[in-house]
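# Here's my sequence, what's the structure:
(2 chains)
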Number of protein chains: 2
Amino acid sequence: MSDLSAVKALAFDVGGTVVDWHEGISSQLAGIGKHKGIEADWVALTKAWRIASLQRALGARTADLPRGNIDGVHREMLDKVLDEAGIDGFDDTDREAMTLFWHRLDPWPDAAAGHARLRKKFTVATLTILSISLIVDVSRRAPFHWDAVISCEMLEAYKLDPSVYRHGARLLALEPHQIMMVAAHDMDLAAARKEGMRTGFIHRPREWGEGTTPVQSPDPATDIVADDLNDFAGKLGA
Amino acid sequence: MSDLSAVKALAFDVGGTVVDWHEGISSQLAGIGKHKGIEADWVALTKAWRIASLQRALGARTADLPRGNIDGVHREMLDKVLDEAGIDGFDDTDREAMTLFWHRLDPWPDAAAGHARLRKKFTVATLTILSISLIVDVSRRAPFHWDAVISCEMLEAYKLDPSVYRHGARLLALEPHQIMMVAAHDMDLAAARKEGMRTGFIHRPREWGEGTTPVQSPDPATDIVADDLNDFAGKLGA
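Sure, this is the predicted structure:
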């Protein structure tokens, strides 16, 4: 393990790392489907929605995204995946409400307690593709108290653009090596590491749902690998 | 009093409204002066530093400011006011440390408790010319738990540019009339009101120090006028 004594701040990925989007979205989709009398494979639709949204947002220039944020992306990609699944029973009002399902995600069971422990020792910020208002909404539910909500919405570009990590560090007034990027996704950590950040990997084997083979495994260069945020806090002495 | 039922979020000015910069800066300046054996009118220097920094930052394009934030402005204006006062005993290391005095301001006595009450009912964000890292540092001391730290550092321009208020509202995913700007400064509230925000004025008669005639008084169009943040919370039913 490398020397982590310089680390002053943790920069958290949120979707999948601290909140469970798969369960949150699939259950809310099933709910509105039942309410509207529409049957579909909501789990498959959830995955398709997430994948399409990531493909649209990752690496994009912020100015090129609808509404300039992930809410606009979610709204646009919802139309796409519903269309592809041949589902046309949801009107515009439904679709706006469904876009806000992402604002009502719950944290993983360990996340709020682990987060609170970490915040006693570190500045704890987000560095996320999710929108500021989405982070505000899920964080008031959890609750998470972020020292700062840094979203790609306020930067020029989206992850995995290298500028995201440099710009995030600058807004925290820290050098990259004073920040540990924390994520359940190795590609995010690899991009952060390339810009000089430390890295913490959180195993979230159920991110894509029950029985899914974990596709994420940490690079050997990862500074800390943890099973959840309590384990992570313990490994950082928090 | 106008109908405030649509207000979902409070956007706070910070310097002077929730933290006491005058006492915090003048006492720290006196401390480093004593340490270095330098005598000066630290209260006058504090006021001159604040005024010069406001003149430099207000209305500026973010890209035109040193370091793109208030820390760069404070550093540059410190040189100016020390020079004008004929004080040359502080070296570069001292001046960098003095710039960080602004990160160690304390809240007004009512502010942390009032803030916590307000946050139970409203989304509570900053909308400030101060830098993100400055807000992080003073908020960990206070403590304040902001739902989101919105700083002109992440926008294109500084107050009182009208775009600041519109851009802040957009980042909170709210219409201006769903946000109440809260400040001890009528010009800030006037600019916010012009963009459609509701306004809350907090009396801070000692912002510029003991015995100073209050220069700020609320416009009659102000929605809420309060003596401090506890009074303000009470008037908003929080």
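
# so what's the residue lying closest to A:Gly237 once chain neighbours are set aside up against?
Spatial nearest neighbour of A:Gly237, chain neighbours left out: A:Lys121 (7.1 Å); criterion: C-beta to C-beta, 6 or more residues apart in numbering or on different chains. Heads up, the C-betas are built off the backbone N, CA and C, glycines and all. Residues in contact with A:Lys121 (C-beta atoms under 8 Å, 6 or more residues apart in numbering or on different chains) are A:Leu236, A:Gly237, A:Ala238.

# so which of those residues comes closest to chain B?
Using C-beta to the nearest C-beta, A:Ala238 comes nearest to chain B of these, at 14.5 Å.

# Skipping adjacent residues, who's closest to A:Thr199 in space?
Closest residue in space to A:Thr199, ignoring its immediate chain neighbours: A:Leu189 at 4.1 Å, by C-beta to C-beta, 6+ apart.

# Stretch A:10-21 and chain B in contact?
No - using C-beta under 8 Å from any C-beta of the partner chain, stretch A:10-21 stays clear of chain B, coming no nearer than 12.4 Å.

# Could you tell me the end-to-end distance of that stretch?
Separation of the first and last residues of stretch A:10-21 by C-alpha to C-alpha, to the nearest Å is 21 Å.

# Off-centre distance for it?
Centroid displacement of stretch A:10-21 relative to its chain, using C-alpha atoms, centre = their mean, to the nearest Å, is 4 Å.

# Kindly report the same for stretch A:96-105.
14 Å.

# Export it to PDB, keeping only CA atoms.
Provided in PDB are the C-alpha atoms of stretch A:96-105 (Å, rounded to 0.1, in the frame of the first residue of the first chain):
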ATOM      1  CA  GLU A  96     -40.800  13.400 -16.600                       C
ATOM      2  CA  ALA A  97     -41.800  11.600 -13.400                       C
ATOM      3  CA  MET A  98     -39.700   8.500 -14.400                       C
ATOM      4  CA  THR A  99     -36.700  10.700 -15.000                       C
ATOM      5  CA  LEU A 100     -37.000  11.800 -11.300                       C
ATOM      6  CA  PHE A 101     -36.900   8.200 -10.200                       C
ATOM      7  CA  TRP A 102     -33.100   8.700 -10.200                       C
ATOM      8  CA  HIS A 103     -33.500  11.300  -7.500                       C
ATOM      9  CA  ARG A 104     -35.100   8.800  -5.200                       C
ATOM     10  CA  LEU A 105     -32.400   6.200  -5.000                       C
END
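
# And for it, what's in contact with it?
Identification of contacts with stretch A:96-105 by C-beta under 8 Å, 6+ apart yields A:15, A:19-21, A:24-25, A:28-29, A:32, A:70-71, A:74-75, A:78, A:90, A:130, A:133-134, A:137-138, A:141.

# related to what we said a few turns ago, the residue nearest to A:Thr199: neighbour count?
26 (other C-beta atoms under 10 Å in any protein chain shown).

# how near is it to A:Ala226?
For A:Leu189, the distance to A:Ala226 equals 12 Å [C-beta to C-beta, to the nearest Å].

# any residues in contact with both of those two?
Residues touching both A:Leu189 and A:Ala226 (C-beta under 8 Å, 6+ apart): A:Gly200, A:Phe201.

# How is chain A divided into domains?
Per automatic domain parsing, the domain ranges recorded for chain A read A:9-20+A:105-235, A:21-104.

# deepest of those, which one?
domain A:9-20+A:105-235 (a mean of 21; mean count of other C-beta atoms under 10 Å in any protein chain shown).

# so how far is B:Thr123 from the residue nearest to A:Gly237?
From A:Lys121 to B:Thr123 the distance is 27 Å (C-beta to C-beta).

# Equivalent analysis for A:Arg117, please.
Taking C-beta to C-beta as the measure, A:Arg117 falls 25 Å from B:Thr123.

# Just the ones in helices from the contacts of stretch A:96-105, please.
Among the contacts of stretch A:96-105, the ones falling in helices (DSSP state H) are A:21, A:24-25, A:28-29, A:32, A:70-71, A:74-75, A:78, A:133-134, A:137-138, A:141.

# between those, which is nearest A:Ala183?
Set against A:Ala183, the nearest of those by C-beta to C-beta is A:Trp21 (13.7 Å).

# List the residues that contact that closest one.
Contacts for A:Trp21 (C-beta under 8 Å, 6+ apart) come out as A:Gly15, A:Thr46, A:Arg50, A:Trp102, A:Leu105, A:Glu207.

# Among those residues, list the two that are farthest apart in space.
Using C-beta to C-beta, the pair of these lying farthest apart is A:Trp102 and A:Glu207, separated by 14.7 Å.

# one step back: dump the contacts of A:Lys121 to JSON lines, plus distance to A:Leu172 and neighbour count.
Listed next are the contacts of A:Lys121 as JSON lines, based on distance: C-beta to C-beta, whole Å; neighbours: other C-beta atoms under 10 Å in any protein chain shown:
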{"residue": "A:Leu236", "distance to A:Leu172": "17", "neighbour count": "20"}
{"residue": "A:Gly237", "distance to A:Leu172": "21", "neighbour count": "7"}
{"residue": "A:Ala238", "distance to A:Leu172": "18", "neighbour count": "18"}
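
# which residue sits farthest out from the middle of chain A?
A:Gly37 (30.8 Å; C-alpha atoms, centre = their mean).

# Mind pulling up the pLDDT for it?
pLDDT, A:Gly37: 97.

# Chain neighbours aside, what residue packs nearest to it?
A:Gly89 (7.6 Å).

# Okay, that neighbour and A:Val81: tell me how far apart.
Going from A:Gly89 to A:Val81 by C-beta to C-beta gives 14 Å.

# what's the answer for A:Leu58, then?
17 Å.

# try A:Trp42
11 Å.

# which parts of chain A sit against chain B?
A:68, A:71, A:123, A:125, A:131-133, A:135-136, A:139-140, A:145, A:147-150, A:153-154, A:170-174.
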